[in-house]
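Colleague: Got a predicted model here, sequence first, then my questions.
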Amino acid sequence: MGMHASDTTILTFEDVRIPAENIVGQEGMGFAYQMMQFQEERLAAAAGSLVPLSTVLEETINYTKQRKAFGQPLINNQYMAYRLAELNTELELLRAALYQAVDQMVAGEDVTLLASMLKLKTGRLAREITDSCLQFWGGMGFTNEVLVSKLYRDLRLWSIGGGADEVMLGIICKIDGYTAKS
């Protein structure tokens, strides 16, 4: 499945010794460092989604203006036009929230909650936009020759990498104070 351009694999290190002078940071703090880095990674995922999702929406709008069915362009179908407008609105709201989170991060504020929300929304919106656009492309969208097909496959990773949707939901619930106590 997805991300054909990514060499994703499992790496296993056994009996590896690191000389003390080559240790980055404090010994035993690797997991904590990774947790701090996740906020930047989650914001980067949201930022990295903007161009491909904008592009696939633009290509789909152009395609539905050119492609005809029943003697008229597909875009004349009110449902398609409204759905594309709705998806574009969602994408612009994602962009606005990302700008807010970046401003807060630059100001030194904790953005864990907003970064988790953005990561969750990014993955779900990527699936929603690519699925709707693929549907509007019809059979052509199912070919490898068009961008929507590639993005439908590749962007699925955004709901998994950097913390799955369920992990994001757990973080959001915990920070907002409405998670079940164990």
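Modeller: Structure's in. What do you need? Please read all numbers here as calculations on a predicted model, not as lab measurements.
Colleague: how about the helices in this structure?
Modeller: Secondary structure of the chain, counting by DSSP state H: helices at 30-66, 78-106, 112-137, 147-154, 165-176.
Colleague: could these be laid out in a markdown table, adding mean neighbour count and distance to Ala20?
Modeller: All C-beta spots, glycine's among them, are computed from the backbone N, C-alpha and C. Listed next are the helices of the chain as a markdown table, based on neighbours: other Cβ atoms under 10 Å; distance: least, Cβ to Cβ, whole Å:
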| stretch | mean neighbour count | distance to Ala20 |
| --- | --- | --- |
| helix 30-66 | 16 | 15 |
| helix 78-106 | 15 | 33 |
| helix 112-137 | 22 | 32 |
| helix 147-154 | 20 | 41 |
| helix 165-176 | 15 | 33 |
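Colleague: how about TSV for those helices, with mean pLDDT and distance to Ile23 added?
Modeller: Conversion of the helices of the chain to TSV gives the following (pLDDT from 0 to 100; distance: least, Cβ to Cβ, whole Å):
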stretch	mean pLDDT	distance to Ile23
helix 30-66	93	9
helix 78-106	97	27
helix 112-137	97	26
helix 147-154	93	35
helix 165-176	94	28
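Colleague: would you list those in JSON lines and tack on distance to Glu21?
Modeller: Output for those, formatted as JSON lines (distance: least, Cβ to Cβ, whole Å):
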{"stretch": "helix 30-66", "distance to Glu21": "17"}
{"stretch": "helix 78-106", "distance to Glu21": "32"}
{"stretch": "helix 112-137", "distance to Glu21": "33"}
{"stretch": "helix 147-154", "distance to Glu21": "40"}
{"stretch": "helix 165-176", "distance to Glu21": "35"}
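Colleague: Thanks again, I'm all set now.
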